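Chemist: take this sequence and fold it.
(one chain, ligands or ions: 2)
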Amino acid sequence: MDSVELEERMNIMSRLCHIGQELASLTDLDELLAKIIDCCKDICSSDKASILLLDESRNELYFKQTSGSMGEDIRRIRIPLNEKSIAGWSLIHRETVKIDDVSTDPRHYKGVDEATGYETKTLLAVPVMWGDRCFGVVEAVNKLKEPVFTDADADNLKILAQQAAVAINNVFLVEELQNFFVHTIEILINALEAIDPYSRGHVMRVARYATSIAREVGITGKEFENILYASYFHDIGLLRKDANILNKRDPLHPVIGASILEQIKILEKTAAIVKAHHEYYDGTGFPNGLKGEEIPLAARILSLVEDYDEESSSINAGRSKEKFNKDFFEKAFVRHDPELVKIFKKIVEPGVN
Ligand SMILES: [Fe+2]
Ligand SMILES: [Fe+2]
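Modeler: Numbering: from 1, shown residues only. Ligands and ions are numbered 1, 2, ... in the order given. Alright, predicted model coming up:
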């Protein structure tokens with residue numbers, strides 16, 4: 001290895017160390033996979049890169065994330081896990097595959113090139129594994145500047161694949177914990193609603209309405225999760241000892257609920273939403289009489305759906321749903337964020353103008 005090669009090698013090693021730290025800090029799977037692909041292209045000097053994940057239930061590989069213009073078509077492709085594809089062969093044998101001329105390799109799965117209109121010429125595939133657990137295969141596609149991928153590229157991609165496996169494993173663990181957390185919350189909500197039969201189903205309806213609006217508004221990722229958790233916990237302040245659980249307009253419950261949630265690290269951001277879940281856009285809400293965009297967007301959503309569900313279950317007696325909705329939305333356009341009211345009206349009254 002001459003001094004230029006040595007310097008290049010040192011440079012890549014230093015980048016790989018940095019990449020390892022970056023990958024470990026990501027907790028969103030899509031973001032993580034996108035980062036792995038960028039890094040793969042970067043360290044292998046490839047034109048494209050992709051990551052195929054293993055679907056154990058169907059024994060298939062699928063493209064969860066690809067680089068740039070390979071597009072949506074590729075995401076619909078499912079490749080059976082067998083030796084008839086390069087990715088499948090690599091995962092089954094747990095070996096790196098380096099191909100200098102894909103057209104002569106019988107394992108090349110032509111369906112991908114056909115779907116994308118992109119011609120694969122050279123390929124480097126490395127299994128992504130952590131201990132006994134196989135997650136999928138990362139592929140660098142078409143070497144740039146040089147004719148073929150080198151042994152050094154293969155070594156570098158192996159290191160990246162190991163770092164990727166650790167990071168993916170962490171994300172899956174977090175997802176499993178979150179799943180457990182959400183199910184535990186649901187059990188807790190059911191138990192709490194048994195105390196107050198009048199609000200049975202309220203929390204789940206609020207969560208369904210709030211997340212429907214959030215989706216329409218384009219809220220995703222952690223912010224979406226915060227709205228979901230805020231919906232679950234929004235009235236937790238009503239459960240304090242001296243509160244009248246039937247008084248849904250108890251002025252203290254948003255503040256007390258927020259102070260409970262602030263103690264829990266994962267729910268810190270949720271606390272601020274809960275605190276403002278009875279603030280009204282026109283300034284007539286509580287506890288602080290906030291107005292307009294002083295109220296966080298997530299809290300404006302929650303306030304609207306809280307109002308709707310509380311009124312529909314307590315004041316609706318004797319009115320048809322149509323009459324209730326008409327009265328409610330007339331008032332809501334003044335009291336709540338009109339843009340959100342428009343969206344919510346379409347959700348609860350599809351087909352009504
Ligand atoms: Fe509520
Ligand atoms: Fe409330």
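
Chemist: what's the burial count for residue 79?
Modeler: The burial metric for residue 79, expressed as a neighbour count using other Cβ atoms under 10 Å, is 19. Heads up, the C-betas are built off the backbone N, CA and C, glycines and all.

Chemist: list phi and psi for it.
Modeler: With angles defined as degrees, to the nearest 10, residue 79 sits at phi -110, psi 120.

Chemist: return the residues in contact with the residue in the stretch 101-250 of the chain that ligand 1 sits nearest to.
Modeler: The minimum distance from the stretch 101-250 of the chain to ligand 1, using Cβ to the ion, falls at residue 235 (4.2 Å). Residues in contact with residue 235 (Cβ atoms under 8 Å, 6 or more residues apart in numbering) are 199, 202-203, 248, 253, 257.

Chemist: the residues you listed into TSV, with extra columns for pLDDT?
Modeler: Converted to TSV, the contacts of residue 235 look like this (pLDDT from 0 to 100):
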residue	pLDDT
199	76
202	91
203	91
248	75
253	92
257	92
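
Chemist: ok, and the most crowded of these?
Modeler: Going by other Cβ under 10 Å, residue 253 tops those with 26 neighbours.

Chemist: excluding chain neighbours, what is closest to that one?
Modeler: residue 237 (3.4 Å; Cβ to Cβ, 6 or more residues apart in numbering).

Chemist: would you say that neighbour is within a strand?
Modeler: No. Judged by DSSP: H, G, I helix; E, B strand; the rest coil, residue 237 forms no part of a strand; its state is helix.

Chemist: for burial, what's the neighbour tally of it?
Modeler: The tally of other residues near residue 237 (other Cβ under 10 Å) stands at 22.

Chemist: buried residues in stretch 283-299?
Modeler: Residues 285-287, 290, 295-299 are the ones in stretch 283-299 that count as buried (16 or more other Cβ atoms under 10 Å).

Chemist: got it, and stretch 104-116?
Modeler: 107-109, 112, 115-116.

Chemist: about what we covered before: so which of the contacts of residue 235 also contact ligand 1?
Modeler: Among the contacts of residue 235, no residue is within reach of ligand 1 (Cβ under 5 Å from the ion).

Chemist: residue 124 belongs to a helix, doesn't it?
Modeler: No. With three-state DSSP as the criterion, residue 124 is strand rather than part of a helix.

Chemist: quick check: closest non-adjacent residue to residue 217.
Modeler: Closest to residue 217 by Cβ to Cβ, 6+ apart is residue 343, at 6.8 Å.

Chemist: what's the burial count for the one you found?
Modeler: 18.

Chemist: buried stuff in the helix or strand that contains residue 215?
Modeler: Secondary structure from DSSP states H and E places residue 215 in helix 202-217. For helix 202-217, a neighbour-count test (16+ other Cβ under 10 Å) marks 202-207, 209-214, 217 as buried.

Chemist: lowest-pLDDT helix or strand in the protein?
Modeler: Least confident helix or strand of the chain, by mean pLDDT, DSSP states H and E, is helix 110-116 with a mean of 79.

Chemist: how far off centre is that one?
Modeler: Relative to its chain's centre, helix 110-116 lies at 28 Å (Cα atoms, centre = their mean, to the nearest Å).

Chemist: try stretch 289-300
Modeler: Chain-centre distance of stretch 289-300: 25 Å, with Cα atoms, centre = their mean.

Chemist: apart from its neighbours in sequence, what residue is nearest the spatially most central residue of the chain?
Modeler: Residue closest to the average C-alpha location in the chain (Cα atoms, centre = their mean): residue 221, at 4.3 Å. Leaving aside its chain neighbours, residue 221 sits nearest to residue 28 (5.9 Å; criterion: Cβ to Cβ, 6+ apart).
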